[in-house]
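Q: okay, here's the prediction I keep looking at, along with the sequence it came from:
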Amino acid sequence: MATLLLRGEPIGSIKGVLFDKDGTISNSEEHLRNLARLRIQEISRLLKEQQLGFNKVEYLKELLMKAYGLTNNGINPQGTIAIASRKDNIISTATVLSLLGESWPKSLELSNKSFKLVDLQQERAPQHRPIIDGFRKILISLETAGVTCALISNDSDSGIKNFLLQNNLQNSLNKFWSADNYPPKPNPKAVEALCERLNLQPSECALIGDADSDLTMAKQSGIGIAIGFTGGWKQTPQLNHHQHIINHWNELEILQKTKVQVHLDAK
């Protein structure tokens, strides 16, 4: 096992680390803000085709911005677009539509259709999501120490694979648990299932995430070390369920063991 250091002090020994993706290892705010706006545009366009009043469409945009967590200062790091799965975002979109008088079946239909139309736009012009400064360094240190690293994210399989390929991380983080797996996070059984894939016990691992839902999931699954990360958003996430917290990846290190040579006096 490797010893994990937080600002130079040991906080425990680990065999594996499970990383959240968006807002933890990925600078995703610009991508997610663009994604939310495209979805709002598409759902608004679909409703205009049904000849709804202009004021109603404008009110829809306002409600969806609040539902997704879009603010004048960026994205609310605890909002649905930041931490919830695609399925949950579709449900929140449909809920807003139902509040404006659409039937639930029609609300779900329009929400799914608008999301699929945005998917096609994203596929034609994929947006790069760079990794956060300092992450690659700690990842290399973990690999050198023999620590197994994996992702647990509410992104889809294809979204995770594209992100890893864009950032040349596909060899380092080739094990992951996505929103396409069952159960998805924040169900603690998602952690247990991913650890089983890694041939590790949750107690032998650290989990690092930017949301209380991640950290609560870690605690409920028996993760050994739960670390909150606050450096991935313009608005600092307010976390309450962490054991430890960091704002930058350079606050974490792996204790490097050195060989000690013993010299015996010849007799």
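A: That came through fine. Numbers count the residues shown, from 1 in each chain.

Q: strands along the protein, start to end?
A: With DSSP state E as the criterion, the chain has strands at 2-6, 9-14, 16-19, 70-71, 74-75, 148-152, 176-177, 205-209, 225-229, 244-246, 252-254.

Q: can you give me the helices in the stretch 101-250 of the chain?
A: 104-124, 135-144, 157-166, 188-197, 212-221 (DSSP state H, counting those that start in this stretch).

Q: can you redo those helices as CSV with mean neighbour count?
A: Yep, even glycine has a C-beta here, placed from its N, CA and C like the rest. Formatted as CSV, the helices of the stretch 101-250 of the chain follow (neighbours: other Cβ atoms under 10 Å):
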stretch, mean neighbour count
helix 104-124, 15
helix 135-144, 17
helix 157-166, 17
helix 188-197, 18
helix 212-221, 22
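
Q: any chance of JSON lines for those helices, columns distance to residue 229?
A: JSON lines is the format used below for the helices of the stretch 101-250 of the chain (distance: least, Cβ to Cβ, whole Å):
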{"stretch": "helix 104-124", "distance to residue 229": "26"}
{"stretch": "helix 135-144", "distance to residue 229": "10"}
{"stretch": "helix 157-166", "distance to residue 229": "17"}
{"stretch": "helix 188-197", "distance to residue 229": "17"}
{"stretch": "helix 212-221", "distance to residue 229": "9"}
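
Q: distance check, the closest residue to residue 48 other than its chain neighbours against residue 98.
A: Spatial nearest neighbour of residue 48, excluding adjacent residues (Cβ to Cβ, 6 or more residues apart in numbering): residue 57 at 5.9 Å. Plainly put, residue 57 is 16 Å away from residue 98 if you go by Cβ to Cβ, to the nearest Å.

Q: to residue 2, which of the helices of the stretch 101-250 of the chain lies closest?
A: Nearest of the helices of the stretch 101-250 of the chain to residue 2, taken as Cβ to Cβ: helix 135-144 at 7.3 Å.

Q: so which elements touch the closest one?
A: strand 148-152, strand 252-254 (3 or more Cβ pairs under 8 Å, 6 or more residues apart in numbering; DSSP states H and E).

Q: list the contacts of the shortest one.
A: Contacts of strand 252-254 with the rest of the structure, by Cβ atoms under 8 Å, 6 or more residues apart in numbering, involve 2-6, 8, 138, 141-142, 144-145, 147, 227, 246.

Q: apply 7 Å and report the result again.
A: 2, 4, 5, 6, 138, 141, 142, 145, 246 (Cβ atoms under 7 Å, 6 or more residues apart in numbering).

Q: what is the least confident helix or strand in this structure?
A: Within the chain, judged by mean pLDDT, DSSP states H and E, the helix or strand with the poorest mean is helix 54-68; its value is a mean of 86.

Q: dump the C-alpha coordinates for it into PDB.
A: Only the C-alpha atoms of helix 54-68 are listed here, as PDB (Å, rounded to 0.1, in the frame of the first residue of the first chain):
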ATOM      1  CA  PHE A  54     -43.500  34.200 -26.600                       C
ATOM      2  CA  ASN A  55     -43.800  35.100 -23.000                       C
ATOM      3  CA  LYS A  56     -44.300  31.400 -22.100                       C
ATOM      4  CA  VAL A  57     -41.100  30.400 -24.000                       C
ATOM      5  CA  GLU A  58     -39.100  33.200 -22.300                       C
ATOM      6  CA  TYR A  59     -40.400  32.000 -18.900                       C
ATOM      7  CA  LEU A  60     -39.300  28.400 -19.800                       C
ATOM      8  CA  LYS A  61     -35.800  29.600 -20.500                       C
ATOM      9  CA  GLU A  62     -35.600  31.300 -17.100                       C
ATOM     10  CA  LEU A  63     -36.900  28.200 -15.300                       C
ATOM     11  CA  LEU A  64     -34.500  25.900 -17.100                       C
ATOM     12  CA  MET A  65     -31.500  28.100 -16.300                       C
ATOM     13  CA  LYS A  66     -32.400  27.900 -12.700                       C
ATOM     14  CA  ALA A  67     -33.000  24.100 -12.900                       C
ATOM     15  CA  TYR A  68     -29.700  23.500 -14.600                       C
END
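
Q: rewinding a little: can you tell me which of the strands of the chain is most buried?
A: Highest mean neighbour count of the strands of the chain: strand 205-209, a mean of 28 (counted as mean count of other Cβ atoms under 10 Å).
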